[in-house]
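1. Below: sequence and its predicted model.
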Amino acid sequence: MPWKARPWSNTMHHQMAIKYFKLLRVHEEINWLNVEVRWLQAWVDNEVMDIKWVAAGLSVQTPLLSAELQVLFDHQQRVNTQHQLWLQRIYDLKGYSGVQPIVEHERRGEDKDEEPKGTDEELRLDACMNVMSH
């Protein structure tokens, strides 16, 4: 069989294969970015709690060091507020398919018996398909 008769020699098939593999890489990158967003959210949440806990523990033993930690905490709180604003912008993106943190004020209005509208995988697939269709 001559090489021109092979399926991969057809320009349209070749272009479709390229787009398919690019799409696979895009899905992998989206999944990895979702993981990194969760890591940043956890880091911001834990850092605030850690600094508060250490400062409170040192307040009796070494008040000057505790005061320095409070200054550090105030600075880090401003930095983490910026991180939180960027994270919220990511969560608000139309096609965001990652896990969003549950905020305490959102938890109050939840009905615990209410079933979700599909599994997590179904919801992510739906969000991904919506992004690809636009």
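-> Noted; the coordinates are in hand.

2. can you point me to the longest helix in this protein?
-> Ranked by residue count under DSSP state H, the longest helix found in the chain is helix 11-61.

3. what angle sits between the very next helix or strand once past that helix and helix 11-61?
-> Remark: after helix 11-61, the chain's next helix or strand is helix 63-92, criterion DSSP states H and E. In terms of direction (axes from the mean of the first three to the mean of the last three C-alpha atoms, to 10 degrees), helix 63-92 departs from helix 11-61 by 160 degrees.

4. List the buried residues for helix 63-92?
-> Of the residues in helix 63-92, 66, 69-70, 73, 76, 80, 84, 87, 90 count as buried by neighbour count, 16 or more other C-beta atoms under 10 Å. The way it works is simple: take the backbone N, C-alpha and C, and place the C-beta from them, glycine included.

5. follow-up on the earlier one: now do the longest helix of the chain: which elements does it pack against?
-> helix 63-92 (3 or more C-beta pairs under 8 Å, 6 or more residues apart in numbering; DSSP states H and E).

6. for the helix it packs on, what is the average pLDDT?
-> Over the span of helix 63-92, the pLDDT mean works out to 87.

7. repeat for stretch 21-30
-> Averaging pLDDT along stretch 21-30 yields 94.

8. Give the buried residues for it.
-> Along stretch 21-30, these residues count as buried under the neighbour rule (16+ other C-beta under 10 Å): I30.

9. Mind exporting the C-alpha coordinates of it to CSV?
-> The C-alpha trace of stretch 21-30 is given here as CSV (Å, rounded to 0.1, in the frame of the first residue of the first chain):
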residue,chain,number,x,y,z
PHE,A,21,-3.6,15.6,21.5
LYS,A,22,-3.5,19.4,22.2
LEU,A,23,-7.0,19.0,23.8
LEU,A,24,-5.6,16.1,25.9
ARG,A,25,-2.8,18.3,27.1
VAL,A,26,-5.2,21.1,27.9
HIS,A,27,-7.3,18.8,30.1
GLU,A,28,-4.2,17.7,31.9
GLU,A,29,-3.1,21.3,32.5
ILE,A,30,-6.6,22.2,33.8
